[in-house]
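> The following comprises the amino acid sequence and a computationally predicted model.
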Amino acid sequence: MKDVLDERRKALENVFFEKYNRELLEQLRERKQHELDRDRLARVCGIRDEAFLDTLLDQHVQAESLAALVLVPLVIVAWSDREMSGEEARVILEAAHELGIEDGTPAIKLLNYWLVHPPTSKLVDAWTAYASELCGCLALGDREKFGNKLLHWAREVARAAGGVLGLGPKICKK
(Lines give C-alpha, C1' and ligand atoms only; values in the text may rest on other atoms or scores of the structure.)
Protein backbone atom coordinates (compact mmCIF):
# COMPACT_ATOMS: atom_id res chain seq x y z
CA MET A 1 0.00 0.00 0.00
CA LYS A 2 2.82 2.40 0.89
CA ASP A 3 4.52 1.77 -2.48
CA VAL A 4 1.29 2.52 -4.40
CA LEU A 5 0.75 5.70 -2.38
CA ASP A 6 4.37 6.74 -2.97
CA GLU A 7 4.04 6.13 -6.73
CA ARG A 8 0.85 8.18 -6.88
CA ARG A 9 2.49 11.00 -4.90
CA LYS A 10 5.40 11.04 -7.36
CA ALA A 11 3.01 11.00 -10.31
CA LEU A 12 1.09 13.92 -8.79
CA GLU A 13 4.33 15.83 -8.18
CA ASN A 14 5.44 15.16 -11.76
CA VAL A 15 2.16 16.49 -13.14
CA PHE A 16 2.36 19.55 -10.88
CA PHE A 17 5.99 20.32 -11.74
CA GLU A 18 5.42 19.62 -15.43
CA LYS A 19 2.71 22.31 -15.44
CA TYR A 20 4.88 24.63 -13.35
CA ASN A 21 7.86 24.07 -15.65
CA ARG A 22 5.69 24.73 -18.71
CA GLU A 23 4.55 28.02 -17.19
CA LEU A 24 8.13 29.00 -16.38
CA LEU A 25 9.25 28.07 -19.88
CA GLU A 26 6.46 30.19 -21.37
CA GLN A 27 7.49 33.14 -19.19
CA LEU A 28 11.08 32.73 -20.37
CA ARG A 29 9.94 32.63 -24.01
CA GLU A 30 7.83 35.77 -23.53
CA ARG A 31 10.73 37.58 -21.86
CA LYS A 32 13.11 36.53 -24.64
CA GLN A 33 10.62 37.69 -27.30
CA HIS A 34 10.25 41.02 -25.48
CA GLU A 35 14.04 41.43 -25.49
CA LEU A 36 14.21 40.60 -29.21
CA ASP A 37 11.43 43.09 -29.95
CA ARG A 38 13.23 45.73 -27.87
CA ASP A 39 16.49 45.09 -29.74
CA ARG A 40 14.73 45.46 -33.11
CA LEU A 41 13.15 48.73 -31.99
CA ALA A 42 16.51 49.99 -30.76
CA ARG A 43 18.04 49.24 -34.15
CA VAL A 44 15.23 51.08 -35.93
CA CYS A 45 15.16 54.25 -33.84
CA GLY A 46 18.81 54.29 -32.75
CA ILE A 47 17.86 54.77 -29.11
CA ARG A 48 19.03 52.31 -26.46
CA ASP A 49 16.97 53.61 -23.52
CA GLU A 50 15.13 50.48 -22.36
CA ALA A 51 12.35 52.44 -20.63
CA PHE A 52 11.65 54.33 -23.89
CA LEU A 53 11.67 51.11 -25.89
CA ASP A 54 9.40 49.40 -23.35
CA THR A 55 6.99 52.34 -23.67
CA LEU A 56 6.90 51.81 -27.43
CA LEU A 57 6.28 48.08 -26.96
CA ASP A 58 3.52 48.85 -24.44
CA GLN A 59 1.90 50.98 -27.16
CA HIS A 60 2.07 47.94 -29.49
CA VAL A 61 4.69 49.59 -31.69
CA GLN A 62 6.68 46.93 -33.51
CA ALA A 63 9.91 47.43 -35.43
CA GLU A 64 8.07 47.25 -38.76
CA SER A 65 5.60 50.00 -37.84
CA LEU A 66 8.39 52.14 -36.38
CA ALA A 67 10.45 51.64 -39.54
CA ALA A 68 7.48 52.85 -41.60
CA LEU A 69 7.12 55.78 -39.22
CA VAL A 70 10.71 56.72 -39.97
CA LEU A 71 10.65 55.99 -43.71
CA VAL A 72 7.45 57.84 -44.64
CA PRO A 73 8.93 61.27 -43.89
CA LEU A 74 12.04 60.36 -45.89
CA VAL A 75 9.86 59.46 -48.86
CA ILE A 76 7.91 62.71 -48.44
CA VAL A 77 11.15 64.72 -48.39
CA ALA A 78 12.42 62.95 -51.49
CA TRP A 79 9.20 63.62 -53.40
CA SER A 80 8.95 67.27 -52.23
CA ASP A 81 10.28 68.44 -55.62
CA ARG A 82 7.86 66.05 -57.38
CA GLU A 83 10.58 63.64 -58.46
CA MET A 84 12.68 60.90 -56.90
CA SER A 85 16.31 60.92 -57.88
CA GLY A 86 18.42 57.79 -57.91
CA GLU A 87 20.57 59.25 -55.17
CA GLU A 88 17.55 59.98 -52.96
CA ALA A 89 16.29 56.43 -53.48
CA ARG A 90 19.75 55.09 -52.61
CA VAL A 91 19.84 57.06 -49.34
CA ILE A 92 16.33 55.91 -48.39
CA LEU A 93 17.18 52.28 -49.11
CA GLU A 94 20.38 52.69 -47.11
CA ALA A 95 18.34 54.02 -44.18
CA ALA A 96 15.92 51.10 -44.54
CA HIS A 97 18.75 48.59 -44.41
CA GLU A 98 20.25 50.40 -41.42
CA LEU A 99 16.84 50.02 -39.76
CA GLY A 100 17.02 46.29 -40.31
CA ILE A 101 14.53 46.08 -43.16
CA GLU A 102 15.71 43.19 -45.28
CA ASP A 103 15.42 42.65 -49.02
CA GLY A 104 12.48 40.52 -50.07
CA THR A 105 10.31 41.51 -47.10
CA PRO A 106 6.88 43.13 -47.49
CA ALA A 107 8.30 46.31 -45.92
CA ILE A 108 11.00 46.67 -48.59
CA LYS A 109 8.47 45.92 -51.34
CA LEU A 110 6.24 48.69 -50.01
CA LEU A 111 9.21 51.03 -49.79
CA ASN A 112 10.19 50.23 -53.39
CA TYR A 113 6.63 51.14 -54.41
CA TRP A 114 6.97 54.48 -52.62
CA LEU A 115 10.25 55.12 -54.45
CA VAL A 116 8.38 54.96 -57.75
CA HIS A 117 4.99 56.43 -56.71
CA PRO A 118 4.70 59.64 -54.69
CA PRO A 119 2.96 59.35 -51.33
CA THR A 120 -0.76 60.00 -51.31
CA SER A 121 -2.35 62.52 -49.00
CA LYS A 122 -3.91 59.53 -47.17
CA LEU A 123 -0.43 58.17 -46.40
CA VAL A 124 0.74 61.56 -45.18
CA ASP A 125 -2.39 61.96 -43.04
CA ALA A 126 -2.04 58.44 -41.62
CA TRP A 127 1.62 59.08 -40.79
CA THR A 128 0.79 62.42 -39.16
CA ALA A 129 -1.96 60.87 -37.01
CA TYR A 130 0.22 57.90 -36.00
CA ALA A 131 3.21 60.10 -35.15
CA SER A 132 1.01 62.48 -33.18
CA GLU A 133 -0.53 59.67 -31.13
CA LEU A 134 2.81 58.00 -30.53
CA CYS A 135 4.45 61.25 -29.46
CA GLY A 136 1.63 61.81 -26.99
CA CYS A 137 2.69 58.60 -25.25
CA LEU A 138 6.38 59.49 -24.98
CA ALA A 139 8.30 61.65 -22.57
CA LEU A 140 9.71 64.90 -23.95
CA GLY A 141 13.31 63.65 -23.92
CA ASP A 142 12.37 60.48 -25.77
CA ARG A 143 10.45 62.47 -28.39
CA GLU A 144 13.49 64.69 -28.89
CA LYS A 145 15.88 61.75 -29.29
CA PHE A 146 13.62 60.06 -31.80
CA GLY A 147 12.93 63.33 -33.61
CA ASN A 148 16.65 64.05 -33.91
CA LYS A 149 17.25 60.64 -35.47
CA LEU A 150 14.41 61.22 -37.93
CA LEU A 151 15.74 64.69 -38.82
CA HIS A 152 19.20 63.25 -39.43
CA TRP A 153 17.87 60.83 -42.04
CA ALA A 154 15.58 63.45 -43.61
CA ARG A 155 18.56 65.80 -44.01
CA GLU A 156 20.54 63.02 -45.67
CA VAL A 157 17.75 62.54 -48.21
CA ALA A 158 17.50 66.29 -48.77
CA ARG A 159 21.27 66.53 -49.27
CA ALA A 160 21.04 63.79 -51.89
CA ALA A 161 18.62 65.96 -53.88
CA GLY A 162 20.64 69.18 -53.67
CA GLY A 163 23.39 70.59 -55.80
CA VAL A 164 24.44 69.77 -59.32
CA LEU A 165 27.76 67.99 -59.86
CA GLY A 166 28.64 68.82 -56.28
CA LEU A 167 28.12 72.55 -56.85
CA GLY A 168 25.51 74.82 -55.35
CA PRO A 169 23.51 74.28 -52.18
CA LYS A 170 23.63 70.78 -50.78
CA ILE A 171 19.95 70.81 -49.81
CA CYS A 172 17.52 71.86 -52.50
CA LYS A 173 15.12 74.69 -51.57
CA LYS A 174 12.00 72.59 -52.21
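Sure thing, it's come through. These numbers come from a predicted model, not from an experiment.
> residue ranges of the helices in the protein, please?
Along the chain, counting by DSSP state H, helices occupy 2-45, 50-58, 63-78, 86-98, 106-116, 121-136, 140-161.
> Tell me how far the longest one lies from the chain's centre.
Think helix 2-45. When distances are taken as CA atoms, centre = their mean, to the nearest Å, helix 2-45 is centred 29 Å away from the chain's centroid.
> Who are the packing partners of that helix?
On a contact count with 3 or more CB pairs under 8 Å, 6 or more residues apart in numbering; DSSP states H and E, helix 2-45 meets helix 50-58, helix 63-78, helix 140-161. For the C-beta atoms, the positions are set from N, CA and C on the backbone; glycine is no exception.
> And these: which comes nearest residue 111?
Across the helices and strands packed on helix 2-45, the minimum distance to residue 111, taken as CB to CB, is reached by helix 63-78, at 6.0 Å.
> In a markdown table, list the helices of the chain along with mean neighbour count and mean pLDDT.
Shown next, in a markdown table, are the helices of the chain (neighbours: other CB atoms under 10 Å; pLDDT from 0 to 100):
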| stretch | mean neighbour count | mean pLDDT |
| --- | --- | --- |
| helix 2-45 | 12 | 81 |
| helix 50-58 | 16 | 82 |
| helix 63-78 | 21 | 83 |
| helix 86-98 | 17 | 91 |
| helix 106-116 | 15 | 87 |
| helix 121-136 | 13 | 83 |
| helix 140-161 | 16 | 86 |
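> Good, wrapping up.
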